[in-house]
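1. coordinates for the following, if possible.
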Amino acid sequence: MELILLTLNKTLLGLIILVSTLVVMALLIAGGNRRLANALFGFHFLIIEIQMIGHLFSYFLFDVAKYSQYNSALVLSIPPLLYLYTKALFSEKKWKFSTSHFVHFIPSIIGIIVGLNGLVLPPEHRVLLYVSSIAYGLSSASLVRIKFKNWIIVPYKKRTEYNWIKTLLYLFGLVLLADAILFFGFRFFGDYLMVMETFVLLTVLGYAIFPLSKLLNAKIRRSIFRFPSLWPKYIPTKMINLSSTSSSEVVSKLHNYMETHMPYLNPELTLSDVSQAIDVTNRELSEFINGHLGTNFISYVNSYRIKMAKQLLSNPDETELNISEIMYEVGFSSRSSFNTLFKKETGMTPSEYRESHLYRPTTPKPIIQRLQ
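-> Modelled structure (predicted):
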């Protein structure tokens, strides 16, 4: 049994190292406007990977005592890196790493200096890790909660980011709890100590697989790791009051709501969502769209999505985006529906439209004119 668990733990360590490497590489090549946030998150996983490499070497009885001191110091950087990543992810302005942020890494720096002087950190340094993890984890959760508590209608892209970081923090807390139980209770596990080690490694593997799965999803990768949302910053809690207004005024204010708040970017947008936002009933909204616009709700919403797709496809600053990413960005979830509606609107496929608007050949001047 012990031999099986030992083999399993070695395999899990290898998988964690592999998945962490893939996460770091994917973050490096993600591109977009979130390179700094991705770098912080990449360093977060790089340190986890270094920790796992040290554990794997110890299983093979390599002498890692010389390097374990630096491993112990580096691990103290894991919580602040996660916190700074959260700040960068939800920053309304372009977030920058300043010299004041180095204060978060003072414990790690002190640990490295201690190691360079031939001293060894006591095992109790793990307590500092747990305390700082709780503090930074709660600070990250509080930061996210504050960003959203004043808004009753959360844009889809912001909700995607919110759900992403919330799940990530939950998984981080699970890893922390499992590791703390192992650290403080190892004397009580006896023959089950290696079973608990296996459980800890499984939680770490799950924590690494979660971001990798998001990085492999074009729709979510675009929203979280590459570009900030196209949505306006937030939709205020004050509802648009349409009571006692004529139908034409309602339609005008509906257009204004769609243009200003861009709810059509939400692929799950429903008639109820819009009617609630502009304070009318579902029936009234449906009648407004059918009677005054001569179309239905879905076609009305898709017209805005196609309009946004045309803007992105013809924008030379958005050439990094492939067709699938643009499709997800503007609110479509089906490639076939997107292509069909886009061609119906423009007479071209999205690829043809991009090519015709971005790569228009210029007519060469006559050779005599060029020589003058």
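
2. for Pro211, give its distance to Ile298.
-> 34 Å (C-beta to C-beta, to the nearest Å). Every C-beta, even on glycine, is put in place using the N, C-alpha and C of the backbone.

3. please disregard the earlier target; I meant Thr21.
-> Counting by C-beta to C-beta - Thr21 and Ile298 are separated by 44 Å.

4. who's in contact with stretch 311-318?
-> 321, 326, 329-330, 350, 353-354, 357-358 (C-beta atoms under 8 Å, 6 or more residues apart in numbering).

5. swap in 10 Å and give it another go.
-> 227, 230, 319, 321, 323, 325-327, 329-330, 342, 346, 348, 350-359 (C-beta atoms under 10 Å, 6 or more residues apart in numbering).

6. can you report how many residues neighbour Ile109?
-> 13 (other C-beta atoms under 10 Å).

7. which residues touch it?
-> Taking C-beta under 10 Å, 6+ apart, one finds 73, 76-77, 102 in contact with Ile109.

8. hmm, back to that, quick one: which of Pro211 and Ile298 has more around it?
-> Each of Pro211 and Ile298 has its neighbours counted (other C-beta under 10 Å); Pro211 has more, 24 against 12.

9. quick one: that one and Val19 touch, right?
-> Yes - between Pro211 and Val19 there is a contact under C-beta atoms under 10 Å: 9.1 Å.

10. now that Leu143 has come up, it's in contact with Lys166, right?
-> No - proximity of Leu143 to Lys166 does not meet the contact threshold set by C-beta under 10 Å, at 11.6 Å.

11. which residues of the stretch 251-372 of the chain fall in helices?
-> 271-277, 282-293, 297-313, 323-329, 335-346, 350-358, 367-371 (DSSP state H, counting those that start in this stretch).

12. deepest of those helices, which one?
-> Most buried of these, by mean neighbour count (mean count of other C-beta atoms under 10 Å): helix 323-329, with a mean of 21.

13. chain center to it: distance?
-> Here the centre of helix 323-329 is set off from its chain's centre by 16 Å, with C-alpha atoms, centre = their mean, to the nearest Å.

14. what about it, average pLDDT?
-> In this model, helix 323-329 has an average pLDDT of 84.

15. break the chain into its domains for me.
-> Domain ranges of the chain: 2-226, 247-358, per automatic domain parsing.

16. give me the buried subset of the contacts of Ile109.
-> Taking 16 or more other C-beta atoms under 10 Å as the criterion, what is buried in the contacts of Ile109 is 73, 76-77.

17. what is the nearest of those residues to Ser91?
-> Ranked by distance to Ser91 (C-beta to C-beta), these are led by Ser77 at 20.4 Å.

18. so, low pLDDT: which residues of the stretch 1-150 of the chain?
-> Filtered on pLDDT under 70, the stretch 1-150 of the chain yields the residue ranges 31-32, 61-70, 92-93, 118-120, 147-150.

19. just the helices from it, written as ranges.
-> 2-28, 35-59, 65-74, 78-90, 106-116, 125-149.

20. which one of the ones you listed is the most hemmed in?
-> Burial of the helices of the stretch 1-150 of the chain is given as mean neighbour count (mean count of other C-beta under 10 Å); helix 78-90 ranks first at a mean of 22.

21. please state the offset of it from the chain centre?
-> Put simply, helix 78-90 sits 12 Å off its chain's centre (C-alpha atoms, centre = their mean).

22. skip the chain neighbours and tell me the closest residue to Arg335.
-> Met327 (6.1 Å; C-beta to C-beta, 6 or more residues apart in numbering).

23. now swap in Gly173 and tell me
-> Counting by C-beta to C-beta, 6+ apart, Gly137 is the residue found nearest to Gly173 once chain neighbours are left out, at 6.1 Å.

24. contact partners for that neighbour?
-> Each residue near Gly137 by C-beta under 10 Å, 6+ apart is listed here: 79, 82-83, 86, 169-170, 172-173, 176.

25. let's go with 7 Å and repeat that
-> Residues near Gly137 by C-beta atoms under 7 Å, 6 or more residues apart in numbering: 79, 169, 172-173.

26. likewise for Thr340?
-> Taking C-beta under 7 Å, 6+ apart as the definition, Thr340 has no contacts.

27. how much space between it and Ala218?
-> Taking C-beta to C-beta, one finds Thr340 at 20 Å from Ala218.

28. what's the neighbour count on Phe105?
-> 17.

29. surely it and Leu81 touch.
-> No - judged on C-beta atoms under 7 Å, Phe105 makes no contact with Leu81 at a distance of 8.6 Å.

30. quick one: closest of the helices of the stretch 251-372 of the chain to Val131.
-> Closest to Val131 of those is helix 323-329 (C-beta to C-beta; 40.4 Å).

31. so which elements touch the closest one?
-> Counting contacts by 3 or more C-beta pairs under 7 Å, 6 or more residues apart in numbering; DSSP states H and E, helix 323-329 packs against helix 218-221, helix 297-313, helix 335-346.

32. take those helices and write them to CSV, including mean pLDDT and distance to Val131.
-> CSV is the format used below for the helices and strands packed on helix 323-329 (pLDDT from 0 to 100; distance: least, C-beta to C-beta, whole Å):
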stretch, mean pLDDT, distance to Val131
helix 218-221, 70, 32
helix 297-313, 90, 46
helix 335-346, 90, 49
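
33. of all those helices, which one is nearest Leu285?
-> When the helices and strands packed on helix 323-329 are compared by C-beta to C-beta, helix 297-313 sits nearest Leu285, at 7.5 Å.

34. restricting to C-alpha, output stretch 309-327 in CSV.
-> Taking Å, rounded to 0.1, in the frame of the first residue of the first chain, the C-alpha atoms of stretch 309-327 are listed here in CSV:
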residue,chain,number,x,y,z
ALA,A,309,-18.5,42.4,-34.9
LYS,A,310,-18.1,44.6,-38.0
GLN,A,311,-16.3,47.2,-35.9
LEU,A,312,-13.9,44.7,-34.5
LEU,A,313,-13.2,43.0,-37.8
SER,A,314,-12.5,46.3,-39.5
ASN,A,315,-10.3,47.7,-36.7
PRO,A,316,-6.6,47.3,-37.4
ASP,A,317,-5.9,47.4,-33.6
GLU,A,318,-7.9,44.2,-33.1
THR,A,319,-6.1,41.9,-35.6
GLU,A,320,-4.8,39.8,-32.7
LEU,A,321,-8.4,38.5,-32.3
ASN,A,322,-9.4,35.5,-34.4
ILE,A,323,-12.9,35.0,-35.7
SER,A,324,-14.0,32.8,-32.8
GLU,A,325,-12.8,35.3,-30.2
ILE,A,326,-14.7,38.1,-31.9
MET,A,327,-17.8,35.9,-32.1
